[in-house]
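Asks: the sequence and its predicted three-dimensional model are supplied below.
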Amino acid sequence: MSWIYLIVAGLLEIGWPVGLKMSQEAETRVMGILLAIGFMVTSGFCLWMAQKQIPIGTAYAVWTGIGAAGTFLVGVMFYGDPSSLARYFGVALIVAGVVVLKLAH
């Protein structure tokens, strides 16, 4: 169950940078900030639950890895962030590191 909490925490981690991005526009500022805070709290709670069984270093690395890779993909797909083979390779390395941490646990 702890790994499910950790995966959910990582996926929720994607939400708060999106909320902060939304808050850059005046018409979505308040909604973006509220969204970011909601995702931060919920993601943090799920991370806290996961750390009951998963070592802190592993949990934190997996949490940030999922969040970083997911936020990169959201940025490319919805916000026009630059993409290149090298950038995708970098994200693949992050994902590979997360997989190794899970397998080594």
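Replies: Structure received.
Asks: quick check: closest non-adjacent residue to the residue nearest the centre of the chain.
Replies: For the chain, residue 67 is the residue whose C-alpha lies nearest the centre (Cα atoms, centre = their mean; 1.5 Å). Nearest non-adjacent residue to residue 67, counting by Cβ to Cβ, 6 or more residues apart in numbering: residue 13, 3.1 Å away. Any C-beta I mention is one placed from the backbone N, CA and C, and that applies to glycine too.
Asks: repeat that for residue 70.
Replies: Closest residue to residue 70 apart from its sequence neighbours, by Cβ to Cβ, 6+ apart: residue 14 at 3.9 Å.
Asks: can you count the residues close to that neighbour?
Replies: Neighbourhood size, residue 14 [other Cβ atoms under 10 Å]: 21.
Asks: state the distance from it to residue 64.
Replies: 11 Å (Cβ to Cβ, to the nearest Å).
Asks: repeat for residue 34
Replies: Taking Cβ to Cβ, one finds residue 34 at 23 Å from residue 64.
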